[in-house]
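Enquirer: Coordinates only, no sequence provided:
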């Protein structure tokens, strides 16, 4: 069964985000004064071949912990859904 | 009113994603053979001060088109929600 996992990796709230600050300043400098705060994270979409949803969940959590996210500085969250179309 | 916008910016399907491919290969090399495809995008969280949801939507769409996304290569999507806690 093919699942699509959508993973969002964000810096922890307490960690400074200079990239987000830069984008925030850029937005303000072109007139978006209503933007109060900007934080930037990563978005990763994975297609996973797994027997069932439980297996897919274990796999994706492992992948996040071992490679995708840095647990010291980052939090991850994900959503999992069955792919409608199978990969060829 | 303070809104939180969660913006996801993805490369268009037809555009090659070497960064995603690299992560995919890394995952495979540490044993995640069940991962079939990986694509990487950007995640941007913005806090917006707007009169109402409609205004916030217009602002965020403008910000995406003018600065955050490159419409030639990227698609953007976002969700908007009222912030529970007001910024101090």
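Expert: That came in fine, so what should we check first? Everything numeric here is computed off the predicted structure, so don't read it as measured data.
Enquirer: Chain A against chain B: which residues are in contact?
Expert: Neighbours of chain B within chain A, by C-beta under 8 Å from any C-beta of the partner chain: A:2, A:8-10, A:20, A:23, A:26-27, A:30, A:32, A:34-50, A:59, A:62-63, A:66-68, A:87. Any C-beta I mention is one placed from the backbone N, CA and C, and that applies to glycine too.
Enquirer: Return the subset of those residues lying in helices.
Expert: If you go by DSSP state H, these have A:20, A:23, A:26-27, A:59, A:62-63 in helices.
Enquirer: For residue B:8, see how far away residue A:10 is.
Expert: 12 Å (C-beta to C-beta, to the nearest Å).
Enquirer: same thing with residue A:40?
Expert: Residue A:40 is 12 Å from residue B:8, by C-beta to C-beta.
Enquirer: And residue A:56, by the same measure?
Expert: Distance from residue A:56 to residue B:8, by C-beta to C-beta: 20 Å.
Enquirer: With residue A:27 instead?
Expert: 17 Å.
Enquirer: residues in contact with residue A:19?
Expert: By C-beta atoms under 8 Å, 6 or more residues apart in numbering or on different chains, residue A:19 lies in contact with residue A:40.
Enquirer: Ok, residue A:28 next?
Expert: Residue A:28 neighbours (C-beta under 8 Å, 6+ apart): residue A:35.
Enquirer: before we move on, the earlier item: can you pull the residues that touch both of residue A:10 and residue B:8?
Expert: With C-beta under 8 Å, 6+ apart as the test, residue A:10 and residue B:8 both reach residue B:43.
Enquirer: Could I have the buried ones of the ones in helices among the residues of chain A next to chain B as ChimeraX selection syntax?
Expert: Here is the ChimeraX selection string for the buried members of these, based on 16 or more other C-beta atoms under 10 Å in any protein chain shown:
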select /A:20,23,27,59,63
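Enquirer: Serialize the ones in helices among the residues of chain A next to chain B to CSV and add fields for pLDDT and distance to residue B:14.
Expert: As requested, these are exported to CSV (pLDDT from 0 to 100; distance: C-beta to C-beta, whole Å):
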residue, pLDDT, distance to residue B:14
A:20, 97, 29
A:23, 97, 26
A:26, 96, 28
A:27, 96, 28
A:59, 96, 28
A:62, 96, 31
A:63, 96, 26
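Enquirer: which one of residue A:56 and residue B:8 has more residues nearby?
Expert: The neighbour comparison of residue A:56 against residue B:8 (other C-beta atoms under 10 Å in any protein chain shown) goes to residue A:56, with 23 against 19.
Enquirer: Pretty sure residue A:5 is one of the things that one touches, is it not?
Expert: Yes: applying C-beta atoms under 8 Å as the test, residue A:56 and residue A:5 come out as touching, 6.9 Å apart.
Enquirer: tell me, what's touching the two both at once?
Expert: With C-beta under 8 Å, 6+ apart as the test, residue A:56 and residue A:5 both reach A:48, A:80.
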